[in-house]
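Student: Requesting a structural model of the entry that follows:
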Amino acid sequence: MKFSASKWGYPILAAPETNLFLFAFLLNFVYEVWQSPYFDFYDRPTLSEKIAAINHCTFGDGVITVICGLIVAVLYRSRYWMLQPIWKSVLIFTGLGWSYTFVSEIYRTHIAHFYGVLGFMLPGIGISGLPLLQWAILPALVLYLARRQMLGYRKGKSAKD
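Tutor: Next comes the predicted model:
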């Protein structure tokens with residue numbers, strides 16, 4: 001019995017959740033690195049502690065993205081809703097992530113005191129606008145890249161069969 005990585009890996013790599021997570025992780029990592037000097041965890045003494053904090057945030061963003069994608073999948077009754085997205089599904093997907101981030105930032109900064117905000121503070125709320133901007137811009141890019149990747153897998157599969 002011969003082990004075939006392509007037969008085993010294909011369903012995993014072609015899954016919508018995998019694509020959402022991978023592209024969310026990659027795009028959010030770049031954004032997290034860019035915004036990290038504006039948060040107090042940037043003052044941690046070692047580079048490895050800074051990288052761990054950024055990876056923690058980025059992994060969380062990937063999980064949030066997948067959960068938002070699954071909620072939209074339940075609403076549209078298809079895990080593959082992003083292959084033919086309509087403005088309403090994209091808006092729901094983005095709005096879910098943005099709403100979670102809004103509530104999470106209030107909790108983390110005001111209630112749990114996990115970190116403070118050093119810049120771009122929203123007046124009256126006392127949270128940074130950077131994560132909210134992140135969740136207003138990146139979800140559409142994640143969907144676009146995930147869709148392109150999944151269509152490539154779909155095209156490759158039908159060409160081989």
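
Student: Count the residues that sit near Val33.
Tutor: Other residues near Val33 come to 13 when the count uses other Cβ atoms under 10 Å. Glycine gets a C-beta too; all of them are placed from N, C-alpha and C.

Student: Give me the nearest residue to it, chain neighbours excluded.
Tutor: Nearest residue to Val33, sequence neighbours excluded (Cβ to Cβ, 6 or more residues apart in numbering): Ile54, at 6.1 Å.

Student: Next: Ala24.
Tutor: Thr65 (3.7 Å).

Student: Could you check the helix or strand of the chain with the lowest mean pLDDT and say which residues are buried?
Tutor: One helix or strand of the chain scores below all others by mean pLDDT, DSSP states H and E: helix 5-14, with a mean of 75. For helix 5-14, a neighbour-count test (16 or more other Cβ atoms under 10 Å) marks Ala14 as buried.

Student: Over to stretch 70-79?
Tutor: If you call a residue buried by 16+ other Cβ under 10 Å, then stretch 70-79 has these buried ones: 72-73, 76.

Student: Same question for stretch 142-151.
Tutor: Neighbour-count burial for stretch 142-151 flags 142-143, 145-147, 149-150 (criterion: 16+ other Cβ under 10 Å).

Student: Which residues does that stretch contact?
Tutor: Residues outside stretch 142-151 that contact it (Cβ atoms under 8 Å, 6 or more residues apart in numbering): 14, 16, 19-20, 22-24, 27, 65, 80, 82-83, 85, 90, 93.

Student: Check stretch 56-66 too.
Tutor: 17, 20-22, 24-25, 28-29, 32, 97, 100-101, 134, 139, 142.

Student: from the residues you listed, which is closest to Pro123?
Tutor: Thr101 (18.1 Å; Cβ to Cβ).
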